[in-house]
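Enquirer: quick one, fold the following:
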Amino acid sequence: MNVLIVEDDMLQRKSLKKMIQQIDKGINIYESADKDEALEITSIYSIDVFYVDICLNSSSGVDFAIEIDRKSTRLN
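Expert: Predicted structure coming up:
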């Protein structure tokens, strides 16, 4: 399973990653501090679960979710 954490607060991002790893060490966790980096990750990896901060510094987590939804709709 691939999980992407999109969170601009590094402490929050690292804490969430640690909690997920404690649940299952076999989960692949990718991290991003902003929307652009997250989009780049999704172009490389197939992500199963997204954890997205709604209020990112450089953009909106909602905008990211909409863009991912459009991208997945085009693929289907």
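
Enquirer: ok, Leu4 - contacts?
Expert: With contacts defined as CB atoms under 8 Å, 6 or more residues apart in numbering, Leu4 is in contact with 29-32, 38, 41-42, 45, 47, 49-51. Glycine gets a C-beta too; all of them are placed from N, C-alpha and C.

Enquirer: the same query, at a cut-off of 6 Å, please.
Expert: 30, 41, 47, 50 (CB atoms under 6 Å, 6 or more residues apart in numbering).

Enquirer: could you tell me the phi and psi values at it?
Expert: Phi and psi for Leu4, reported as degrees, to the nearest 10, are phi -120, psi 120.

Enquirer: equivalent analysis for Ile23, please.
Expert: Here is the backbone geometry of Ile23 (degrees, to the nearest 10): phi -70, psi -50.

Enquirer: i'd like the first residue to be 400 from this point on
Expert: Taking 400 as the first residue, the last one we looked at is Ile422.

Enquirer: and it, how many neighbours?
Expert: Ile422: 8 surrounding residues under other CB atoms under 10 Å.
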